[in-house]
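J.: quick one, fold the following:
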Amino acid sequence: MGYQAVYDRAKRDPAGFWDEVAGAIDWDSAWDRVLDASNPPFYRWFAGATLNTCFNAVDRHVLAGRGEQAAIIYDSPVTSTQETISYAQLQDRVARFAGALRDQGVGKGDRVIVYMPMVPEAVIAMLACARIGAVHSVVFGGFSARELATRIDDAKPKVIVAGSCGIEPNRVVHYKPLLDEAIELATHKPKRCIVLQRLQEPGELIADRDTGWAEAVAAATPAECVPIAATDPLYILYTSGTTGQPKGVVRDNGGHAVALHWSMGSVYDVKAGEVFWAASDVGWVVGHSYIVYGPLLAGCTTVLYEGKPVGTPDAGAFWRVIEEHGVNVLFTAPTAFRAIKRADPRGELLADYDLAGFRALFLAGERCDPDTLRWAQEMLQVPVIDHWWQTETGWAIAANCLGIERLPVKPGSPTVAVPGYDVRVLDEDGHAVAAGDIGRILIKLPLPPGCLPTLWGDDQRFVESYLSAVDGYYLTGDAGYLDEDGYIFVMSRIDDVINVAGHRLSTGGIEGALASHADVAECAVIGVADELKGELPVGLVVLKAGVTRDSTAIVNELIALVRDEVGPVAAFKHVAIVERLPKTRSGKILRGTMKRIADGREYRMPATIDDPATLDEIKQALAAIGYAKRG
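T.: Numbering: from 1, shown residues only. Reported below is the predicted structural model:
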């Protein structure tokens, strides 16, 4: 079946489609209903069924005779460490740590916060929770004590599993003092902490609360898998909230396992035994879905990489990992490739590596500008697939589904809606807009399996945040358009659509024009307040390594480029050249914060910011072109 036939089948008969797909997962007991629609908008998939996600991700592959296959390849250039863990070894280590959690009083439904770096024990802790029915909540290692405290108070964990430190290319991040401070700040006090003592910086254990990982495991009896209701939560993952209070996205067990297993073959075209690498962090949704659960559910080998795309040691780091470990498919963020392109614009380091087994690159996490897409295509000579999804959905909303049918690529578009999603572009009144017109991107309910059923402990906030814009629809928060072929173009967040003298313009469209300039490595466009036109676009541009041309000439060329490609209506006249852009640790550019700086308004330091010093640099750059004079 081609893409259109599969998509139509899923849309016409979603229950029948997912009933069939669910046959690839091992269940302890069957469902009463594939889709429980008795309490809209709170839809539930596979109601009445039981299964165990850890069993499906680990044990069943051992039982199938594939225990010696590599499950995890750990590659850590920052510690000069590599380790390969087979499925049989992973089963043993997960069962033992699950026993250690059980010894600390953790059982079905209890929450466990995981605050760890990119080490195998982070994956083991997640799977161990799933094994005994505990609900894990991974908090990005190195998050501030205050942010960790808010998550402790919301999830109310019985136990926290933490690393003593994280390793960055040029520094050690001390996790244990942050953990201690967070518990001091939090109202909820977890009874126990299990601490992985890393050799680079062991932490000081607190008597009667803290236990070392090695000691906890040594004293434990391995735990077996526990049957869990398909509709019970597997994990909570916190995403930023507009109020400053994080939103706890809930993922269920049944729909999650079904959707992720199906996506590995249908979206990424990866089969059991092949090597899949998601170059992300387990603290983000990409890490949950495609470092841990997706590849392991599908019986693949997953790469756990503790390093950077550049600087560990150079811009050839990704090519080394692909060659050494036989990576078949890579999934990373566009910002990683922009960093590689900036450091090695001609791709000279590629010549040092053999990528013969590498067959596809997937990009997601933010909009992929056409220039970065074309650069990656030219360098790698494999399909480069931009796809679009969110923490809330857990897997792709739109993609070029290589495992179903490879469709023509349109740079700037993540292609078409993935089977299971009914994507619409609507105006403020809930009416469909014409092809090519920008509007709000929504998804008709019910969402497919794997998407969030609610927010942790807050059904009302779930409805208000996502389901109140148009009755019967999920609001993605993104703006864009559908073209005449049904291709989706995600241009920006809704808040990033700017109004210039009554004309609604996407900052993403202007960024695409800037990124096409030969000297530009990456860029961001923000809308700043203007008394005459309402808003004006301002560009912030990072140049490629080695560019020595006069900056004034480059700025003039960029202004002319936007005028030619977007039109005079953009009123684009201001560009600042900067050394780097402020980003979250997952690579998203902090456009909203930069906009507040430009407008001279107060702003909170984003909890997820990678380097706070970048905001000072942006202030100076904006002030130099007449903005950020206040605040």
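
J.: identify the residue spatially nearest to the residue of the chain positioned farthest from its centre, adjacent ones excluded.
T.: Distance from the centre of the chain peaks at residue 532, with 38.7 Å (C-alpha atoms, centre = their mean). Leaving aside its chain neighbours, residue 532 sits nearest to residue 501 (7.8 Å; criterion: C-beta to C-beta, 6 or more residues apart in numbering). C-betas here are computed from N, CA, C, even on glycine.

J.: surely that neighbour meets residue 531?
T.: No. Assessed by C-beta atoms under 8 Å, residue 501 is found out of contact with residue 531, at 11.7 Å.

J.: quick one: which of these two has more around it?
T.: residue 501 (13 against 5; other C-beta atoms under 10 Å).

J.: got a pLDDT number for the more buried one?
T.: You'll see residue 501 listed with a pLDDT of 71.

J.: do you know how far it is from residue 440?
T.: Counting by C-beta to C-beta, to the nearest Å, the gap from residue 501 to residue 440 is 22 Å.

J.: swap in residue 128?
T.: For residue 128, the distance to residue 440 (C-beta to C-beta) stands at 41 Å.

J.: looking at the two, which one has more neighbours?
T.: The neighbour comparison of residue 128 against residue 440 (other C-beta under 10 Å) goes to residue 128, with 28 against 22.

J.: which stretches in the stretch 251-400 of the chain count as helices?
T.: All helices of the stretch 251-400 of the chain, identified by DSSP state H, counting those that start in this stretch, fall at 254-266, 285-287, 294-297, 317-325, 334-343, 370-380.

J.: winner for burial among those?
T.: helix 294-297 (a mean of 28; mean count of other C-beta atoms under 10 Å).

J.: tell me the mean pLDDT over that helix?
T.: pLDDT averaged over helix 294-297 gives 98.

J.: how far off centre is that helix?
T.: Relative to the centre of its chain, helix 294-297 is centred 16 Å away, using C-alpha atoms, centre = their mean, to the nearest Å.

J.: hang on, the earlier thing: and the helices of the stretch 251-400 of the chain as CSV, adding distance to residue 561?
T.: CSV is the format used below for the helices of the stretch 251-400 of the chain (distance: least, C-beta to C-beta, whole Å):
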stretch, distance to residue 561
helix 254-266, 37
helix 285-287, 32
helix 294-297, 39
helix 317-325, 29
helix 334-343, 18
helix 370-380, 12
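
J.: quick one, which of those is nearest to residue 522?
T.: Within the helices of the stretch 251-400 of the chain, the stretch nearest residue 522 is helix 334-343; the backing value is 4.2 Å (C-beta to C-beta).

J.: state the mean pLDDT of that closest one.
T.: Computed over helix 334-343, the mean pLDDT rounds to 91.

J.: ok, stretch 162-178 next?
T.: Per-residue scores along stretch 162-178 average to 94.

J.: for stretch 108-122, same thing?
T.: Averaging pLDDT along stretch 108-122 gives 98.

J.: endpoints of it, how far apart?
T.: End-to-end span of stretch 108-122 (C-alpha to C-alpha, to the nearest Å): 19 Å.

J.: got the buried residues for that stretch?
T.: Buried residues in stretch 108-122, counting neighbours by 16 or more other C-beta atoms under 10 Å, are found at 110-122.

J.: how about stretch 226-233?
T.: 226, 228, 229, 230, 231, 233.

J.: which members of the residues you listed are positioned in strands?
T.: Of the buried residues of stretch 226-233, the ones assigned to strands by DSSP state E are 228, 229, 233.

J.: verify the contact between the second one and residue 49 for me.
T.: What that stands for is residue 229. Yes. Contact criterion C-beta under 8 Å: residue 229 and residue 49 qualify, at 7.4 Å.

J.: need the overlap of contacts for these two.
T.: By the contact definition C-beta atoms under 8 Å, 6 or more residues apart in numbering, residue 229 and residue 49 are jointly contacted by residue 254.

J.: for stretch 473-493, which positions count as buried?
T.: Quick answer for stretch 473-493 (16+ other C-beta under 10 Å): 473-482, 487-493.

J.: same check, this time on stretch 203-222
T.: Buried residues in stretch 203-222 (16+ other C-beta under 10 Å): 203, 210, 211, 212, 213, 216, 217, 220, 222.

J.: out of these, who's nearest residue 321?
T.: For the buried residues of stretch 203-222, the nearest to residue 321 is residue 213 (26.1 Å; C-beta to C-beta).

J.: hang on, the earlier thing: residue 368: which of the ones in strands among the buried residues of stretch 226-233 is nearest?
T.: residue 233 (31.7 Å).

J.: please tell me how far residue 349 sits from residue 362.
T.: Between residue 349 and residue 362 the computed distance is 21 Å (C-beta to C-beta).

J.: which parts of the stretch 51-200 of the chain are strands?
T.: 70-76, 81-86, 111-115, 135-138, 159-163, 165-168, 171-174, 192-196 (DSSP state E, counting those that start in this stretch).

J.: flag every buried residue along stretch 548-564.
T.: For stretch 548-564, the neighbour count (16+ other C-beta under 10 Å) marks 554, 555, 558, 559, 561, 562, 563 as buried.

J.: what's the neighbour count on the residue lying closest to residue 371 once chain neighbours are set aside?
T.: Spatial nearest neighbour of residue 371, excluding adjacent residues (C-beta to C-beta, 6+ apart): residue 515 at 4.2 Å. Residue 515 has 22 neighbouring residues, counting by other C-beta under 10 Å.

J.: domains of this protein?
T.: Taking automatic domain parsing as the reference, the chain has its domains at 3-307+387-421, 501-624.

J.: where does residue 204 sit: helix, strand or coil?
T.: coil (DSSP: H, G, I helix; E, B strand; the rest coil).

J.: tell me if I'm right that it and residue 174 touch.
T.: No. Using C-beta under 8 Å, residue 204 makes no contact with residue 174, being 10.4 Å away.

J.: got the buried residues of stretch 226-233 as CSV, with pLDDT columns?
T.: CSV is the format used below for the buried residues of stretch 226-233 (pLDDT from 0 to 100):
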residue, pLDDT
226, 98
228, 98
229, 98
230, 98
231, 98
233, 98
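
J.: widest-spaced pair of those?
T.: Among the buried residues of stretch 226-233, 226 and 231 lie farthest apart (C-beta to C-beta), at 15.4 Å.

J.: re earlier: the more surrounded of residue 349 and residue 362?
T.: residue 362 (23 against 18).

J.: just to revisit the earlier point, contacting residues for the residue nearest to residue 371?
T.: Applying C-beta under 8 Å, 6+ apart, the residues near residue 515 are 369, 370, 371, 372, 522, 523.

J.: so what's the residue count around the closest residue to residue 590 other than its chain neighbours?
T.: In space, and not counting its chain neighbours, residue 590 is closest to residue 582: 4.5 Å by C-beta to C-beta, 6+ apart. Residues lying near residue 582 (other C-beta under 10 Å) number 25.
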